[in-house]
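**Q** model the structure of this input:
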Amino acid sequence: MPEPPLEPLRPAQGRRPLREVLVVTAAVFALNALVELGARFLPVVGPYVGQYGGVLVAASFLYLPIWLLERAGRSTSLLGLDRDGLRRTVLTALASCAVVLPLFGVGYDLWQREVVGLRRAFDASRLRSLGESWQGHPGASPQGVLVLFESGTYLGLDNRLDRPIVASTATSSARVEPGQTGRIALPAREQARLDLRRDDGTPLFRDELRTGASLTVPDEGPPLSVRFGPSWLLLFTIAQIVVVALPEEVFFRGYVQSLLRERWSPRRRLLGVPFGAAHVLGSALFALIHLASVPAPERLAVFFPSLLFAWLRERTGSVVAPILFHAAANVTIRVLARLYA
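**A** Residues are numbered from 1 along each chain as shown. Here you go, the predicted model:
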């Protein structure tokens with residue numbers, strides 16, 4: 001297979017690619033951090049910031065580089081894809097997934113069993129879920145609502161009411177005090193019933209189920225029925241492609257990597273592909289920006305898959321291959337995480 005050249009962007013006068021990359025990446029980092037802080041700590045509007053702020057961050061990854069390139073008179077073809085190269089690009093992404101992801105699965109299995117101390121739980125029922133919008137810990141909860149969120153095989157309850165609540169399914173129950181969080185095990189069934197009651201046994205009722213799963217709770221009403229199924233996986237996959245992989249790869253592999261190649265043109269090859277300091281620095285910036293939303297050192301580990309994303313960009317001359325691989329890797333990790341207990 002011939003190695004497609006990666007067209008460098010035409011240098012803009014008065015611009016230094018490295019300085020531009022650092023400034024723009026810092027701006028996106030700051031926006032991401034502000035959205036995360038707002039979602040966690042702003043009263044009342046915090047959940048809405050968490051819901052819609054992520055869309056704003058994704059849009060900044062996509063449109064900020066396009067605006068900057070147009071303003072500087074540069075090409076804005078960040079996908080780097082022509083129609084004839086689509087088949088080759090997709091096949092390269094699929095081949096990379098077929099080689100790398102099984103190896104990752106073996107390493108993940110050893111880590112979970114030998115280091116973390118979990119056991120395998122390869123049960124199809126563990127892939128049933130309430131839906132992607134329920135997953136993850138909620139941001140700051142407004143007063144007067146109960147926020148439900150999913151964490152692994154548990155349903156979390158963030159009680160911002162002025163009274164205790166009792167939640168129960170067919171397999172478990174939990175009493176959660178005001179201002180506290182609790183969790184109950186999710187039953188491995190397609191249809192389940194979640195009963196929300198006051199401390200004295202009076203049923204509570206939700207009047208709306210929306211993204212973030214914030215429930216306003218009047219004094220009485222019927223229990224809440226919820227359905228468990230695999231549809232979350234399709235929603236998660238679509239979200240990873242459109243909301244995560246697409247904007248991040250356009251920004252880091254389409255914009256950052258191209259500008260850094262102006263500063264450091266690769267002089268060596270890695271598996272037949274030009275590879276050098278531009279790709280390493282771009283991957284380091286990719287890792288650092290992940291600290292904006294979750295400032296945990298282990299988040300820096302994304303530096304290593306980012307090197308593969310950068311290699312795929314060079315190998316195919318397009319960001320479509322790293323987009324597909326990035327999304328596939330995230331989906332694989334989410335699925336594997338559910339199969340250990």
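
**Q** list the contacts for A310?
**A** R253, Q257, F275, H279, G282, S283, P322 (CB atoms under 8 Å, 6 or more residues apart in numbering). Just so you know, the C-beta spots here come from the backbone N, C-alpha and C atoms, and that holds for glycine as well.

**Q** and what of V244?
**A** So V244 contacts A58, H326, A327, N330 (CB under 8 Å, 6+ apart).

**Q** measure the first one to P65 for me?
**A** What that stands for is A58. 13 Å (CB to CB, to the nearest Å).

**Q** and these two? Which one has more around it.
**A** Neighbour comparison, A58 and P65: the larger count goes to P65, with 26 against 18 (by other CB atoms under 10 Å).

**Q** distance of the nearest residue to the more buried one once chain neighbours are set aside relative to L235?
**A** Excluding its sequence neighbours, the residue lying closest to P65 (CB to CB, 6 or more residues apart in numbering) is Y255, at 3.6 Å. For Y255, the distance to L235 (CB to CB) stands at 28 Å.

**Q** same drill for the two, tell me which one is more crowded.
**A** Neighbour tally, Y255 and L235, criterion other CB under 10 Å: the higher count belongs to Y255, 28 against 14.

**Q** that one contacts L69, correct?
**A** Yes: Y255 lies in contact with L69 (CB atoms under 8 Å); the separation is 7.4 Å.

**Q** which SSE is A327 in?
**A** Secondary structure from DSSP states H and E places A327 in helix 320-337.

**Q** what helices or strands is that helix leaning on?
**A** With contacts taken as 3 or more CB pairs under 8 Å, 6 or more residues apart in numbering; DSSP states H and E, helix 320-337 sits against helix 86-110, helix 231-239, helix 246-249, helix 303-316.

**Q** report all helices and strands that the host helix or strand of V49 contacts.
**A** Assigned by DSSP H and E, V49 belongs to helix 46-71. In this structure, helix 46-71 packs against helix 17-41, helix 246-249, with contacts taken as 3+ CB pairs under 8 Å, 6+ apart.

**Q** wait, R267 sits on G276?
**A** Yes: when contacts are counted by CB under 8 Å, R267 is listed as touching G276 (6.2 Å).

**Q** higher neighbour count, those two?
**A** G276 (17 against 9).

**Q** OK, contacts around that one?
**A** Counted by CB under 8 Å, 6+ apart, G276 has contacts W264, S265, P266, R267, R268.

**Q** number of residues surrounding the second one?
**A** It refers to S265. S265 - counted by other CB under 10 Å - has 12 other residues nearby.

**Q** all helices for the stretch 151-300 of the chain, in order.
**A** All helices of the stretch 151-300 of the chain, identified by DSSP state H, counting those that start in this stretch, fall at 231-239, 246-249, 257-263, 277-289.

**Q** name the nearest residue to E177, ignoring sequence neighbours.
**A** Closest to E177 by CB to CB, 6+ apart is P164, at 5.2 Å.

**Q** how much space is there between that neighbour and G73?
**A** 63 Å.

**Q** and these two? which has more neighbours close in?
**A** Neighbour tally, P164 and G73, criterion other CB under 10 Å: the higher count belongs to P164, 15 against 9.

**Q** pretty sure the more buried one is in contact with P178, am I right?
**A** Yes: between P164 and P178 there is a contact at 6.5 Å, judged by CB under 8 Å.

**Q** now render the helices and strands packed on helix 320-337 as a markdown table, adding distance to G201 and mean pLDDT.
**A** Output for the helices and strands packed on helix 320-337, formatted as a markdown table (distance: least, CB to CB, whole Å; pLDDT from 0 to 100):
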| stretch | distance to G201 | mean pLDDT |
| --- | --- | --- |
| helix 86-110 | 44 | 93 |
| helix 231-239 | 32 | 84 |
| helix 246-249 | 48 | 94 |
| helix 303-316 | 50 | 94 |
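
**Q** dump those helices into TSV; add distance to A121 as well.
**A** Formatted as TSV, the helices and strands packed on helix 320-337 follow (distance: least, CB to CB, whole Å):
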stretch	distance to A121
helix 86-110	12
helix 231-239	17
helix 246-249	31
helix 303-316	25
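
**Q** A185 is nearest to which of those?
**A** helix 231-239 (17.2 Å; CB to CB).

**Q** how about stretch 253-260: buried residues?
**A** Residues R253, G254, Y255, V256, Q257, S258, L259, L260 are the ones in stretch 253-260 that count as buried (16 or more other CB atoms under 10 Å).
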